[in-house]
Each structure stands twice: as C-alpha cells, then as structure tokens.
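Enquirer: Make a model of this:
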Amino acid sequence: MAIKTSCLPQARKRVVTKMDIGKALVKRRKERGLKQGEVAQKAQIHQSTLSRIEQNQEAPGKQALLGLISALDITEPLASKLMLSCDYLPDPWKNALLQGLEKYGENFLNCLEKLIHD
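Expert: This is a model prediction of the structure:
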C-alpha cells in the first residue's frame, strides 16, 4: 500500500518527546473546575488511581485514559497526543505521529483520516 503524502508539507526529522500526561490531566481538570473524585467517578476509575496518574507514578491503561479523555472533555489534538504518549505503539511510530501532531495539529489528523478512509 502506498502512503499518500501530498497533503502534508515536508517535515524536518526530529524526535518529539512524550508529553507529561499527569501534568496535562491536572491542568485540564483545574481548567474545568473539577475535583479528582468527580473526574475519577466520570472516568470510572478509583480516585487513588487518578492521583497516581496525575503524579506520573502510574501510566494510565488504555481504558482509563479513554475514560479520562471523555470525563475531561478533551478534544483533538490533545486527545491524540495523550494516547500517543502512552506505550501503545512502537517508539518510531509514536515519534512520527507526535511530530506530525505538534507541527500540523488538526490538519495532520484530517490528513491521516483521509489516508485511512481512501
């Protein structure tokens, strides 16, 4: 399968570091004026688990992270950055996707969607 690259300008090669998941979740929770208990309940996880995630003592599982994204009304491109910051993909894939998200944001996601559905 050939990969279409016409919708993306040429990107410089560099490694994008993983984002601080805990810091991003705390920031979003505080912006929304929510307490840990409220978010944990909406995300269907224990408050102690959320506390460890926010302190970067524990990486969220895929289901927990999806629950937190929903509970905190996190939209693109931050939702994708959070998912990519977890260890669900090999590092070369993660780095390439994070680089695209960082540089092109929503346009990058739209282009990926076109590639997948065409």
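Enquirer: Can you get me a residue count around residue 20?
Expert: 12 (other Cβ atoms under 10 Å). C-beta coordinates here come from the backbone N, C-alpha and C atoms, glycine included.
Enquirer: hang on, it packs against residue 55?
Expert: No - counting by Cβ atoms under 8 Å, residue 20 does not reach residue 55; the two are 10.8 Å apart.
Enquirer: what stretches of this structure score poorly on pLDDT?
Expert: Across the chain, the ranges flagged by pLDDT under 70 are 1-19, 87-89, 116-118.
Enquirer: try it again with 50
Expert: 1-18 (pLDDT under 50).
Enquirer: now the helices for it?
Expert: Assigned by DSSP state H, the chain shows helices spanning 21-31, 36-43, 47-54, 62-71, 78-85, 91-104, 106-117.
Enquirer: Deepest-packed of the ones you listed, please.
Expert: Of all the helices of the chain, helix 78-85 carries the top mean neighbour count, a mean of 20, counting by mean count of other Cβ atoms under 10 Å.
Enquirer: so who does the residue lying closest to residue 74 once chain neighbours are set aside touch?
Expert: Spatial nearest neighbour of residue 74, excluding adjacent residues (Cβ to Cβ, 6 or more residues apart in numbering): residue 28 at 6.1 Å. The contact partners of residue 28, taken as Cβ atoms under 8 Å, 6 or more residues apart in numbering, are 72, 74, 78.
Enquirer: what's the answer for residue 69, then?
Expert: 79, 82, 83.
Enquirer: Tell me how far the residue at minimal distance from the centre of the chain lies from residue 75.
Expert: Per Cα atoms, centre = their mean, the C-alpha nearest to the average position across the chain is that of residue 82, at 1.8 Å. Remark: distance between residue 82 and residue 75 (Cβ to Cβ, to the nearest Å) = 11 Å.
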